[in-house]
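J.: got a predicted structure here, sequence first:
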Amino acid sequence: MTTTPLGPTLARLAPVGLAELVDRAALQTRVDRKYLVPVEALPQLLGRLMPYARVLDIDGERTFRYRSVYFDTPQLVSFHCAAYRRRRRFKVRTRTYLDSAQCWLEVKINGARGSITKHRLPYDPRNCGTVDPGRGFVDEALTRESIGPAAGSSLDPILVTEYDRATLLLPDTASRVTVDTALAWRHGDSTLWLPGLAVVETKSASAPTPVDRILWRAGVRPGRISKYATGLAALRPDLPDAPWRRTLRRHFRSTQSPAGPAPAVSHRPEQEASCV
């Protein structure tokens, strides 16, 4: 389990168990809104949520460590779909819950009007660096959504992200909020850390949540950030970055530092590729 400066504030919120959270706000198809918030501002934000929110509590812990490995084709089709603002785009990743050693293989589809659909498959954490054992699941999900590369196209590990996450349930709106801190990205031999920044993400069926309204009143608007695409653009200055240029300039640039080994990645000349 992890420690976090948010601990005292999270301890003041009413708890909710994982089963109830999933039952009341699974939201596999949803609308997401993301905000970049200074970590120092989080205690005040969470304090204002006390009348509305309950926090995920598992065995007395309220913050959990996540690791995601993102996969893409040699031409970075998934990345380029985001970079060129394709309305329909996809991501393929494994997500490992490091505190429980549980792992999922996930395919996320961005559809019309900002909706997001997530397909998930329980996965052996020993295989988190490859899609091979679950490749049939990935191909089926992409084919069903009529999106993505052709079945059997190479999908290689491109980027690793790690962060601490607290998850809130907003019962009145059947919505969720995640608060990610201790953000880190690894690509090849480079790592980017953003210790002073948090990603606050609201997940609802459609309507704004109380968190959205609190942030809007404070002058904080949704930001353009994708943990995969924005992180990779920050670590690969040769890639197109138009959708996230303001975010990169304000929060990401000049923060790269050497790191230990990451998944081996073979690069080939990139080209804009079709998402469908």
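T.: Received the coordinates, thanks.
J.: residue 136 and residue 73: what is the separation?
T.: Separation of residue 136 from residue 73 (Cβ to Cβ, to the nearest Å): 17 Å. Glycine gets a C-beta too; all of them are placed from N, C-alpha and C.
J.: between the two, which one's more packed in?
T.: residue 73 (21 against 12; other Cβ atoms under 10 Å).
J.: would you confirm that that one contacts residue 152?
T.: No. Using Cβ atoms under 8 Å, residue 73 is not in contact with residue 152; the gap is 11.0 Å.
J.: show me what secondary structure element comes after the helix or strand where residue 182 lies.
T.: Assigned by DSSP states H and E, residue 182 belongs to strand 175-187. Sequence order places strand 190-194 as the next helix or strand after strand 175-187, per DSSP H and E.
J.: partners of that following strand, with directions?
T.: Paired strands of strand 190-194, with direction, are strand 175-187 (antiparallel), strand 256-258 (antiparallel) (DSSP bridges).
J.: point out the most buried one among these.
T.: Stretch with highest mean neighbour count among these: strand 175-187 (a mean of 23; mean count of other Cβ atoms under 10 Å).
J.: quick one: average pLDDT of that strand?
T.: For strand 175-187, the mean pLDDT works out to 95.
J.: dump it to CSV, restricted to CA.
T.: Extracted in CSV, the C-alpha atoms of strand 175-187 (Å, rounded to 0.1, in the frame of the first residue of the first chain):
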residue,chain,number,x,y,z
SER,A,175,-20.8,8.9,-10.7
ARG,A,176,-17.2,8.4,-9.8
VAL,A,177,-14.1,10.6,-9.4
THR,A,178,-10.5,9.5,-9.4
VAL,A,179,-7.6,11.5,-8.0
ASP,A,180,-4.2,10.4,-9.4
THR,A,181,-1.0,11.7,-7.7
ALA,A,182,2.7,10.7,-7.8
LEU,A,183,2.4,10.6,-11.6
ALA,A,184,5.3,9.0,-13.6
TRP,A,185,5.8,7.9,-17.2
ARG,A,186,8.5,5.6,-18.6
HIS,A,187,9.5,5.2,-22.3
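J.: that one: how far from the chain's middle?
T.: A distance of 6 Å separates the centroid of the chain from that of strand 175-187, by Cα atoms, centre = their mean, to the nearest Å.
J.: what about residue 99, how many neighbours?
T.: Residues near residue 99, counting by other Cβ under 10 Å: 15.
J.: that concludes my questions; thank you for your assistance.
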